[in-house]
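Visitor: Here is a sequence together with a model predicted from it:
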Amino acid sequence: MRYQFYDDTKYFITYSAENRGIVLTDIEKQIIKKHLLAAAAEWSVEVEVFAICHNHLHAIINAGEQYARKMFLKSLAGRSSRELNLLNKRSGTFWETYYADGIFNEKSYYNIFSYILG
């Protein structure tokens with residue numbers, strides 16, 4: 001899926017597992033968290049808040065430029081997929097889809113932030 005990204009904009013991202021019937025284990029959630037934070041550090045992306053749910057991930061991210069944001073998303077999906085597939089002795093796509101929606105006003109930001117914290 002292709003998105004138009006804007007510099008200096010916060011984004012609400014969601015990654016959904018390919019098999020929506022799965023329930024992520026605590027070990028799988030730790031793997032996702034590790035790759036989320038590593039990709040953020042590598043590409044200078046600020047992760048303002050995140051939640052790893054039973055079969056998906058939500059986060060609000062902020063990166064100064066489009067390239068860093070795109071590489072962060074690619075790194076997170078690719079590296080977490082590889083490790084999760086190795087753990088589960090499977091191959092193929094782990095993440096079915098991702099969404100990245102720009103947050104352009106304060107009200108939306110606080111609504112999404114509250115939603116993530118649940």
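Guide: Structure's in. What do you need? Keep in mind that this is a model prediction, so the values were computed, not measured. Numbering: from 1, shown residues only.
Visitor: mind listing the strands for the chain?
Guide: Applying DSSP state E to the chain gives strands spanning 9-17, 46-52, 56-63, 95-103.
Visitor: Could you provide those strands in CSV, with additional columns for mean neighbour count, distance to Leu84 and mean pLDDT?
Guide: The C-beta positions use only the backbone N, C-alpha and C, and glycine is treated the same way. Formatted as CSV, the strands of the chain follow (neighbours: other C-beta atoms under 10 Å; distance: least, C-beta to C-beta, whole Å; pLDDT from 0 to 100):
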stretch, mean neighbour count, distance to Leu84, mean pLDDT
strand 9-17, 19, 9, 93
strand 46-52, 16, 12, 97
strand 56-63, 21, 12, 94
strand 95-103, 15, 9, 88
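Visitor: Quick check: which of those strands is nearest to Leu117?
Guide: strand 46-52 (6.5 Å; C-beta to C-beta).
Visitor: Report the strands that pair with that closest one, each with its relative direction.
Guide: strand 56-63 (antiparallel) (DSSP bridges).
Visitor: Tabulate the CA atom coordinates of the partner strand in PDB.
Guide: C-alpha atoms of strand 56-63 as PDB (Å, rounded to 0.1, in the frame of the first residue of the first chain):
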ATOM      1  CA  HIS A  56      -2.100  -6.000  15.900                       C
ATOM      2  CA  LEU A  57       0.100  -3.100  16.800                       C
ATOM      3  CA  HIS A  58      -0.900   0.600  17.200                       C
ATOM      4  CA  ALA A  59       1.600   3.500  17.600                       C
ATOM      5  CA  ILE A  60       1.900   7.200  17.100                       C
ATOM      6  CA  ILE A  61       5.200   8.000  15.500                       C
ATOM      7  CA  ASN A  62       7.000  11.200  14.600                       C
ATOM      8  CA  ALA A  63       9.800  11.500  12.100                       C
END
